[in-house]
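Engineer: my questions concern the predicted model and sequence given below.
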Amino acid sequence: MELNLQKPLLFFDIESTGLDIAVNSIIELSFVKVFPGGEDRIKTWKIKPWDYVAQRQRPIEPAASAVNGVTDDMLVDCPTFYELAEEIASWIEGSDLAGFNSQKFDLPMLAEEFERAALAGKDLKVDLHSPRMVDVQNIFHVMEPRNLRAAYRFYCGGEDFEKAHTAEADTIATYKVLKAQLDRYPDQLKNDVEQLSSFVGRKYVDFSGHLIYNDAGEPVINFGKHKGKTARQVYFTEPSYYAWIQQGSFSLDTKKQFEKLEEQFKLEKLAEKFKRH
């Protein structure tokens, strides 16, 4: 079944130097941009992973190289994410997003790279929290719990796809799996990005899931000693916690979302102070 789209849907996948979003970098990024009507465009970048603090190429962890087959020497002459940021952002602009397990890793890693580039002086207007996100793995895990390779075998003809764990092959496979899922589950899945993006409800405030929404729509701390408390409650009882977040080894997106909440609560506190006077 072809996708019913009102705006482009951008499938994406990344390979990285490792799995810790706060300290690792993207080394390969692939997009398959599907337009209303079914036309698609494919773009893949090899990216030199850059350590902005040390001002040098970030090494790939051996465990990551063992999976993706990329070594440090392959990336020496490639552009950095900073150099590619505008081009990558132009592909994202005006699109919804889709991927396989992307909400937990690929999306936060991509957001982290944009935040790093912005801190390094790149003038960017990219908000990855705004587009709707269709995570094909969420649908798969509800319907037929397995992984991407098993999903491709199950939905797309029973054979493995070639070059698994390269960004482009994984991205194309994800696109094919979503179309096959729409064919297989016509009663459960509506061919509509709004419905697909909310098939398994998104409840994260930050991409890493340190802040989630409760049933009342309030941001709640989702880790550590304050787990289960609302962000508002923690701010008004222990405001120093927010400074601790900014100084800790959290992703830049997590820090940014805590900073936004802190500004909101400061304004509320100020408004309450003026009200009393």
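Structural biologist: Yes, it's here. Numbers count the residues shown, from 1 in each chain.
Engineer: do I have it right that residue 105 meets residue 18?
Structural biologist: No: counting by CB atoms under 8 Å, residue 105 sits too far from residue 18 to count as a contact (11.0 Å). Placement of C-beta: from N, CA and C, glycine included.
Engineer: give the rounded mean pLDDT of stretch 114-124.
Structural biologist: Stretch 114-124 carries an average pLDDT of 94.
Engineer: could you pull out the strands in the stretch 1-150 of the chain for me?
Structural biologist: Along the stretch 1-150 of the chain, the segments classed as strands by DSSP state E, counting those that start in this stretch run 9-16, 26-34, 40-46, 50-51, 56-57, 96-99, 133-135.
Engineer: report all helices and strands that the fifth one contacts.
Structural biologist: Secondary-structure packing of strand 56-57 (3 or more CB pairs under 8 Å, 6 or more residues apart in numbering; DSSP states H and E): strand 50-51.
Engineer: and the strand it packs on, how far out from the chain middle?
Structural biologist: With CA atoms, centre = their mean, to the nearest Å as the basis, strand 50-51 stands 19 Å off its chain's centre.
Engineer: return the distance of the helix or strand encompassing residue 174 from the chain's centre.
Structural biologist: Using DSSP states H and E, residue 174 falls within helix 167-184. In terms of CA atoms, centre = their mean, the centre of helix 167-184 is set 18 Å apart from its chain centre.
Engineer: dump the C-alpha coordinates for it into PDB.
Structural biologist: Output in PDB follows, covering the C-alpha atoms of helix 167-184 (Å, rounded to 0.1, in the frame of the first residue of the first chain):
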ATOM      1  CA  ALA A 167      22.200   3.600   7.200                       C
ATOM      2  CA  GLU A 168      20.800   3.600   3.600                       C
ATOM      3  CA  ALA A 169      19.800  -0.100   3.600                       C
ATOM      4  CA  ASP A 170      18.100   0.200   7.000                       C
ATOM      5  CA  THR A 171      16.300   3.300   5.900                       C
ATOM      6  CA  ILE A 172      15.000   1.800   2.700                       C
ATOM      7  CA  ALA A 173      14.000  -1.400   4.500                       C
ATOM      8  CA  THR A 174      12.100   0.600   7.100                       C
ATOM      9  CA  TYR A 175      10.100   2.400   4.400                       C
ATOM     10  CA  LYS A 176       9.200  -0.900   2.800                       C
ATOM     11  CA  VAL A 177       8.200  -2.400   6.100                       C
ATOM     12  CA  LEU A 178       5.800   0.500   6.900                       C
ATOM     13  CA  LYS A 179       4.000   0.100   3.500                       C
ATOM     14  CA  ALA A 180       3.700  -3.600   4.100                       C
ATOM     15  CA  GLN A 181       2.300  -3.100   7.600                       C
ATOM     16  CA  LEU A 182      -0.400  -0.900   6.100                       C
ATOM     17  CA  ASP A 183      -1.300  -3.700   3.700                       C
ATOM     18  CA  ARG A 184      -1.300  -6.300   6.400                       C
END
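Engineer: much appreciated, bye for now.
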